[in-house]
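Visitor: Next input, structure requested:
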Amino acid sequence: MNDNNEGPSRSMDLTELDIAILLKLFINLLSTKAWQYIGLRIKPGTDEIEQDFEKAKLSIDCIVFLVEKLEDQISDDEKGKLRSLITDLQINFVNQFKS
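Guide: Here you go, the predicted structure:
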């Protein structure tokens with residue numbers, strides 16, 4: 001047990017994960033950052049909105065690329081959810097960029 005009484009520390013070796021799981025993890029991380037950069041989520045640890053459309057676009061473009069690479073390895077339901085995510089991000093990006 002460690003000194004802060006949280007129990008034994010466990011670290012996860014991400015290299016042991018299947019590539020499809022890693023890609024889904026990356027998509028989730030990128031979508032979280034995209035929402036923040038679009039300005040629709042507060043930056044963690046602050047009360048601030050951080051708009052950066054260049055970074056938001058890069059995040060969304062990376063998600064599109066990863067979803068395209070992942071499509072053959074996921075169910076139709078997952079494909080639909082990921083496509084909806086992309087559409088939501090793109091629409092909100094345009095709406096915030098225009099305002």
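Visitor: Tell me how many other residues surround Ser31.
Guide: Around Ser31 sit 19 other residues, with neighbours defined as other Cβ atoms under 10 Å. To be clear about C-beta, it is placed using only N, CA and C from the backbone, and glycine gets the same treatment.
Visitor: Then Ala34?
Guide: The local packing count at Ala34 equals 27, with neighbours defined by other Cβ under 10 Å.
Visitor: Find the nearest non-adjacent residue to it, please.
Guide: Ser59 (3.8 Å; Cβ to Cβ, 6 or more residues apart in numbering).
Visitor: is it true that the one you found touches Leu30?
Guide: Yes. In this structure, Ser59 sits in contact with Leu30. The criterion is Cβ atoms under 8 Å, and the distance is 4.7 Å.
Visitor: the more surrounded of the two?
Guide: The residue with the greater number of neighbours, taking Ser59 and Leu30 and applying other Cβ under 10 Å, is Ser59; the counts read 24 against 19.
Visitor: Could you grab the helix/strand/coil label for that one?
Guide: Under the three-state scheme (DSSP: H, G, I helix; E, B strand; the rest coil), Ser59 adopts helix.
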